[in-house]
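**Q** Need a 3D model of the sequence below.
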Amino acid sequence: MPINFIKFHGLGNDYIVIESDQLAGISDLGDFAKRICNRHYGAGSDGIAIVGEPAQSEADFNVRIFNPDGSEANLSGNGTRCAVAYLYYQSLWNKDTLVLSTRSGLKRYSLLNREGGKFLFESDLGVPGFTPASIPMDVDPSLSKVIGYPLQLGSETFSVTAVQVGNPVACIFVNDFDELDWRRIGKALEYHPLFPERANIVFVRVDDRQKIELRIWERGVGETTASGSCSCGGALASMINEKTDHEVRVVTEGGEVKVKWEAGNEVVITGTAELVYAGQWPE
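**A** Below is the predicted model of the structure:
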């Protein structure tokens, strides 16, 4: 039987959303993700979001996120937002707020606006972590925050600020994205031995205290136009380095989101998820 799916995107970061019962006959979801995400031989996407019954009683639905390389992610800000958009679009949910269970805990989504197949959500992605153990990052465990850590890559040294926002995010501040080969560096640092779970690598340019710009190398994906967790990571790195206020506009190659955070509270991101197309996969 063919598998029904709908593709959504968050600022060009696209996800194929599938209901879990459609995949009951698939024994290897990682391999399935590799095939359907392939840009040349599959439907093509930055990942798949599988929605189903909640894993916890406090949640309304559960979501699992798989990357194009077959790995399962703990969280994806855009992927989960696309999953929530699917649930509204398919009329599986109609209340103003929805709680998802994910591998990194419960996440809350509030629908702010809908225009056809385009949805605007405010998402509570949890309380961020800053200690090496929470990121995780294999550096001095006594550090309360990983700020300006000198990370060696061959003969090069990069000053890194790392945070945990459902996924590990390592940030490097730049004055100009053209001043370094950020794609090469991102690809290499993703697998740096100090990151036991691999890391998302984000290059951050601070425009002013209310606005930053990013270039993103996402683990398991590569270069991408946007990422919700990376946007939160870049914003948090800017905040704890006292480069910005605690509410900022985050501009990626795909568009703009808003991130706000106050110490001790959950990080909140406001962004869109938009319908691309519906299709069938002939499994």
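**Q** In space, what's closest to the residue lying farthest from the centre of the chain - neighbours in sequence excluded?
**A** Taking CA atoms, centre = their mean as the measure, the residue most remote from the mean C-alpha position of the chain is Met1, 31.1 Å away. In this structure, Met1 finds its nearest non-sequential neighbour in Glu283, 7.6 Å apart by CB to CB, 6 or more residues apart in numbering. All C-beta atoms are positioned from the backbone trio N, CA, C, and that covers glycine.
**Q** May I ask you to confirm that that neighbour is in contact with Ser27?
**A** No. Taking CB atoms under 8 Å as the definition, Glu283 is not a contact partner of Ser27, at 11.5 Å.
**Q** what about those two, which has more around it?
**A** Applying other CB atoms under 10 Å to Glu283 and Ser27 shows that Glu283 carries more neighbours, namely 13 against 7.
**Q** ok, the more buried one - contacts?
**A** Taking CB atoms under 8 Å, 6 or more residues apart in numbering, we find Glu283 in contact with 1-3, 25-26, 32.
**Q** Next secondary structure after the one helix or strand Lys258 maps to?
**A** Assigned by DSSP states H and E, Lys258 belongs to strand 255-260. Sequence order places strand 268-281 as the next helix or strand after strand 255-260, per DSSP H and E.
**Q** name the helices or strands packed onto that next one?
**A** In terms of contacts (3 or more CB pairs under 8 Å, 6 or more residues apart in numbering; DSSP states H and E), strand 268-281 is packed against strand 3-10, helix 77-89, strand 118-124, helix 228-240, strand 255-260.
**Q** tilt between it and strand 3-10?
**A** Going by axes from the mean of the first three to the mean of the last three CA atoms, to 10 degrees, strand 268-281 is angled at 150 degrees with respect to strand 3-10.
**Q** Confirm Ser57 sits in a helix?
**A** No. Assessed with DSSP: H, G, I helix; E, B strand; the rest coil, Ser57 is coil; it does not lie in a helix.
**Q** okay, now it: neighbour count?
**A** Count around Ser57 with other CB under 10 Å applied: 6.
**Q** all numbers from here: first residue = 382
**A** Yep, numbering from 382; the last one is Ser438 now.
**Q** Ramachandran angles for it?
**A** phi -60, psi -30 (degrees, to the nearest 10).
**Q** what ranges do the strands span in the stretch 382-531 of the chain?
**A** With strands called from DSSP state E, counting those that start in this stretch, the stretch 382-531 of the chain shows them at 384-391, 394-400, 429-433, 442-447, 453-454, 478-483, 486-496, 499-505, 527-534.
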